[in-house]
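Undergrad: Give me a 3D structure for the following:
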Amino acid sequence: MPVTQFPDEWLAQSVEGLTPERLQELRGKAESGRTLWECVVAEKLATDAEIVDKLSHRFRLKIADVSKIDKIARDGVPEQLARRHHVLPLRLTDSYLEIGTANPLDLDAEKALAFNTAREIRLFLLAPSKISEKLDELYKPDKAIDKLLEGMGDADILQTLPDTPVDEITEADAQQKPVVRLVDMIISEGILSRASDIHVEPEEGGVAVRYRIDGVLRQVMKIPRQAGLPLISRIKIMSSLDIADRLRPQDGRARVAVNGQPIDLRVSTLPAQLGEKVVIRILDSRATVKSLDSLGLNAGEAEAIKRLLENHEGILLVTGPTGSGKTTTLYSCINQIKSEGVNIVTVEDPVEYRMQGIVQVQVQEKAGLTFAAALRSILRQDPNVVLVGEIRDKETAQIAVQASLTGHLVLSTLHTNDAANAVTRLVDIGVEAYKIAASLRGVVAQRLMRKLCPTCKEVWMEAPPERLRRWIPQGTPLYRAGGCPDCAMTGYRGRFSILEILTMTPELERRIAAGEAADRIAESARRGGMKGLWDSGLAHVTRGESTLDELTRVVDIPADESEADGYGEKPGSPPAGKGVSGPGRNSGMSDAQRFTGTVTIPPETAVPATVSTHFDLLEEHVPPARRSGAHGLPASKVLLVDDEDSLRKVMRDLLERDGYVVTEARDGVQALDQVDRVGPDIIVLDLNLPGLDGYGVLSHLRSRPATAGIPVIVLTAKGDEDNEVRVFELGADDFLTKPFRARALSARLEAVLGRRR
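TA: Below is the predicted model of the structure:
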């Protein structure tokens, strides 16, 4: 009787040490329906990871990342179809479906999925065992939770640290339930994942668990509905809440230790239509207090705050919504002014950071220790600096203002959208306007933006939306979020602060005392040099630290064009309307002058301080290009891409004398940006560029329909045959080696453009 072959017999070529004899032996031992992959792993000839790595190199396919599977993909691919072809749906869009497979040669599976979903199929490699495990988790969450609980060991890494004696009966009963270990795992994983909050939310068909990481919620699991009630009850037991009362909101606290590290939790429950929603706020009381310089602020923002902290009396407010980093900024301020000779006392609810050298008071509402009561007692302790966690009511506000008027420096927070509205908020609470004007020293409005993951951030090849273009300086490379295991496939890792700093001036003091509206106060502050939250965030975007999408997620786009404050021009350029051509403006400049105005001047050739603008220098020293080119045709636009400034200048002078309009770029990223902005007729491209090299630029140009037809002359010192063949394979139109003669470059430009015409 002949031996049946494996359905994945092709795998034998990728497994080292699998001889024909051994393959025949495996065929004889294999059970019906078993794959060669499974037999190889069972016989320990290779591991799943080794096989996946081999196949990845052999078929040039990426390895699937199952850390975050798109729920839409699960809904778009029926379970029966996924199990029949043993594939795992990963991501579904309007045009394609990404799947994890152990058999990239299975054309039947690819055709069936393409037919059923009406989408292009993109393959990623994944081990069969991982596919089976994730299919159960995706389509049968009940089984996945059971396996998870069965596989957990007895040694928990999470320990409850109660503040009061434990109820032996309740705790003893709870520790016998498997759901206790599931709660411990949810909390410990959230803490280890840098989550600030854990949300447990009842939904149709289950209970969703989501972590807020870097300010954005991510769903990590969905628990069967029958396990939801005991899970929420366990959390309420941990935080000393009434588990029988499910009709009223409750607030509680818990203290746990993860791997020996104590962590405070604030628990809040809210009755909802499908059950109680629970939010666990994670407070790491041993978190390191940051310095002002480590908050990722723009140049000048940290100095402005330090100047405010030089006041010996008065009140300094930090405003923003919940979770915008106000407390972190306040403690950074405390860290800045802390010294042996300064008596600093804080009153907070809760104490989020523990800091040596200062006295910290925890509010206890039930015991009568409110913000106002604690503040009265603190003022009898002769403090130099008082930190009030939050100004919530009239009594606390009046005491804080009075303390600031009697020789104390008071730091506190308010919940307002911007700096100017902090004044009107205090007036609404009940503080007299003249007292605010006399006591207020400054207001810092704050938001948090996510930082691009340095491992996977990508150059953004597309032009920004029309409504945002006037804010982006000419020649500035922009980036977008990629996605890698380091950032959980989000493209972002970590956050930084963006600030709006209002500093008191005599004019502001008069306006506040007169009770003027917030918009008039903001207008006066901007005249005094205050930059908005948009300006602060935009500076980070133009430095490549974040994205335009993240900026617009956090801050609204200013409606008034006058608030652009010079964005859209080069740094140091005159304001809009001062004879400089900017986006959407005409200044009477020639086409050549307008193009030369877009060139980024490198640091080593920066304009001296005595020259007012970059544009003045260019208009004064660069001769205007002729309006016509060779053979009387309109002047062609040439983009020169080379990192050698001296060579680029020589080529520019040469080409402008020949009637071309020349634009420059000194690296690959800037070159792609200039292509989108200028639309050159031809590109002269060096290969050896910093960052993105010439090969990468050429590949990007030829892969995009909008730029595929732009002729490219490659200019390089690498004159070998292999290099020349490679650039022509990538789509170059001509090849010129350094050094070259001036007439040779002009002749080649004219020849290539002539062929294209």
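Undergrad: all helices for the stretch 651-757 of the chain, in order.
TA: With helices called from DSSP state H, counting those that start in this stretch, the stretch 651-757 of the chain shows them at 668-678, 694-703, 721-729, 742-756.
Undergrad: I'd like to know which elements the first one is packed against.
TA: Contact partners of helix 668-678 among helices and strands, from 3 or more C-beta pairs under 8 Å, 6 or more residues apart in numbering; DSSP states H and E: strand 637-641, strand 661-665, strand 682-686, helix 694-703. Where C-beta positions appear, they are placed from N, C-alpha and C, glycine not excepted.
Undergrad: So which of the helices of the stretch 651-757 of the chain has the densest surroundings on average?
TA: Across the helices of the stretch 651-757 of the chain, the average number of neighbours (mean count of other C-beta atoms under 10 Å) peaks for helix 668-678, which reaches a mean of 23.
Undergrad: Report the distance from that one to the chain centre.
TA: Between the mean C-alpha location of helix 668-678 and the chain-wide mean there is a distance of 24 Å, by C-alpha atoms, centre = their mean, to the nearest Å.
Undergrad: what pLDDT does Phe496 get?
TA: The model reports Phe496 with a pLDDT of 90.
Undergrad: Same question for Leu375.
TA: 85.
Undergrad: Looks like it contacts Ala400 (just checking).
TA: Yes: under the criterion of C-beta atoms under 8 Å, Leu375 is in contact with Ala400, at a separation of 6.7 Å.
Undergrad: Touching both of those two, which residues are there?
TA: Overlap of the contact sets of Leu375 and Ala400 (by C-beta atoms under 8 Å, 6 or more residues apart in numbering) consists of Val386, Val388.
Undergrad: So those two - more neighbours on which side?
TA: Using other C-beta atoms under 10 Å, the more surrounded residue of Leu375 and Ala400 is Ala400, with 26 against 23.
Undergrad: Quick check: which element contains the closest residue in space to the more buried one that isn't next to it in sequence?
TA: Across the structure, with C-beta to C-beta, 6 or more residues apart in numbering as the measure, the residue nearest Ala400 apart from its sequence neighbours is Val410 (5.1 Å). Taking DSSP states H and E as the definition, Val410 sits inside strand 409-414.
Undergrad: Can you name the residues in contact with that strand?
TA: Contacts of strand 409-414 from elsewhere in the structure, counted by C-beta under 8 Å, 6+ apart, are 309, 311-320, 326-327, 330, 333-334, 337, 384-391, 400-401, 403-404, 422, 425-426.
Undergrad: that older thread, need the helices and strands packed on helix 668-678 in JSON lines (columns: distance to Pro465 and mean pLDDT).
TA: As requested, the helices and strands packed on helix 668-678 are arranged in JSON lines below (distance: least, C-beta to C-beta, whole Å; pLDDT from 0 to 100):
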{"stretch": "strand 637-641", "distance to Pro465": "23", "mean pLDDT": "92"}
{"stretch": "strand 661-665", "distance to Pro465": "23", "mean pLDDT": "91"}
{"stretch": "strand 682-686", "distance to Pro465": "25", "mean pLDDT": "91"}
{"stretch": "helix 694-703", "distance to Pro465": "20", "mean pLDDT": "84"}
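Undergrad: so which of those comes closest to Pro249?
TA: Shortest distance between Pro249 and these, using C-beta to C-beta, is found for helix 694-703: 53.7 Å.
Undergrad: same for that closest one, what does it pack against?
TA: So helix 694-703, by 3+ C-beta pairs under 8 Å, 6+ apart, packs with helix 668-678, strand 682-686, strand 712-716, helix 721-729.
Undergrad: Which parts of the stretch 501-650 of the chain are helices?
TA: For the stretch 501-650 of the chain, the helices identified by DSSP H, counting those that start in this stretch occupy 506-513, 518-527, 533-542, 548-554, 591-596, 614-621, 645-657, in order along the chain.
Undergrad: Out of those helices, which one sits most buried?
TA: When you average the neighbours per residue for each of the helices of the stretch 501-650 of the chain (mean count of other C-beta under 10 Å), helix 533-542 leads with a mean of 22.
Undergrad: ok, Ala227 touching Leu182?
TA: Yes: counting by C-beta under 8 Å, Ala227 touches Leu182, with 7.4 Å between them.
Undergrad: Stretch 300-315 spans what distance, first to last residue?
TA: Criterion C-alpha to C-alpha, to the nearest Å; first-to-last residue distance in stretch 300-315 is 21 Å.
Undergrad: Not including adjacent chain positions, what is the nearest residue to His86?
TA: Leaving out its chain neighbours, the residue that sits closest to His86 by C-beta to C-beta, 6+ apart is Ile131, at 5.9 Å.
Undergrad: where does the stretch 251-400 of the chain have low pLDDT?
TA: Judged by pLDDT under 70, the stretch 251-400 of the chain has its weakly predicted residues at 285-289.
Undergrad: before we move on, back to that, and the helices and strands packed on helix 668-678 as JSON lines, adding distance to Ile121?
TA: Shown next, in JSON lines, are these (distance: least, C-beta to C-beta, whole Å):
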{"stretch": "strand 637-641", "distance to Ile121": "37"}
{"stretch": "strand 661-665", "distance to Ile121": "38"}
{"stretch": "strand 682-686", "distance to Ile121": "36"}
{"stretch": "helix 694-703", "distance to Ile121": "21"}
